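K.L.:
Let's see this in three dimensions:
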Amino acid sequence: MRAVERQTGCCWQTFLISPRRQSRVHELWNCAPDSVAKNTDMNSDSTTTIDKLKQLLKDFRDERDWKKFHDPKNLAVAICIEASELLELFLWKGPAQVKKSIKSDAAFRKAVEEELADVLCFCLSLANVAEIDVARTVQEKIEGNKRKYPIEKARGRATKYDRL
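P.N.:
Purely as a prediction, here's the structure:
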């Protein structure tokens with residue numbers, strides 16, 4: 001018997017598969033026999049769309065019957081709480097120490113990744129319930145920021161746009 005992990009929605013499930021059935025399971029799951037059957041189409045920023053992440057979060061929410069809790073106000077509050085937990089990781093550390101820790105301290109990096117993921121998950125969940133197109137909204141925001149912070153005035157300066 002071989003244990004194979006498979007993601008269903010947001011959950012990982014472990015299946016015990018006999019060697020005889022292994023090739024059929026991999027054929028059905030559309031994955032290479034020697035690969036871990038983790039969701040390989042969503043394992044990096046370069047291969048994962050925002051829409052796929054939003055759908056993954058919807059599926060996770062709906063499988064647990066949590067839609068009733070996901071209203072814009074509660075999700076905005078959750079974003080703030082999770083952002084505070086992310087910020088807490090940096091408390092009392094200087095910028096150089098943080099930069100070094102992210103690169104060399106696996107436990108610290110993992111904690112940052114987990115808190116960042118929490119923030120992003122709630123942001124995307126808010127976009128879901130508010131029907132906000134994240135890609136369009138971010139592009140529009142950057143275009144507005146380009147007007148507020150023209151390169152010739154803002155380059156190398158950390159000054160608010162109304163003081164440039």
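K.L.:
mind listing the strands for this structure?
P.N.:
2-8, 11-17 (DSSP state E).
K.L.:
And the longest helix along the chain, what does it pack against?
P.N.:
Scanning the chain for the helix with the most residues, using DSSP state H, yields helix 106-129. Helix 106-129 makes packing contacts with helix 50-63, helix 72-88, helix 95-104, helix 134-148 when contacts are defined by 3 or more C-beta pairs under 8 Å, 6 or more residues apart in numbering; DSSP states H and E. From N, CA and C alone the C-beta is placed, and that goes for glycine too.
K.L.:
dump the residue contacts of Cys123.
P.N.:
If you count contacts by C-beta atoms under 8 Å, 6 or more residues apart in numbering, Cys123 has them with Ile79.
K.L.:
Same check on Leu57?
P.N.:
Counting by C-beta under 8 Å, 6+ apart, Leu57 touches Cys10, Cys121, Leu124, Ser125, Asn128.
K.L.:
How many residues are close by the last one?
P.N.:
When you say that, I think you mean Asn128. Counted with other C-beta atoms under 10 Å, the neighbours of Asn128 add up to 19.
K.L.:
So it sits against Lys58, correct?
P.N.:
Yes - Asn128 sits in contact with Lys58 when judged by C-beta atoms under 8 Å, with a separation of 5.8 Å.
K.L.:
Please enumerate the shared neighbours of the two.
P.N.:
Between them, Asn128 and Lys58 share no contacting residue under C-beta under 8 Å, 6+ apart.
K.L.:
Any idea how far stretch 73-82 is from the middle of the chain?
P.N.:
From the chain centre to the centre of stretch 73-82 is a distance of 15 Å (C-alpha atoms, centre = their mean, to the nearest Å).
K.L.:
which residues are in contact with that stretch?
P.N.:
Outside of stretch 73-82, the residues within contact range by C-beta under 8 Å, 6+ apart are Glu115, Asp118, Val119, Phe122, Cys123, Ser125, Leu126, Val129.
K.L.:
Nothing else from me, thank you.
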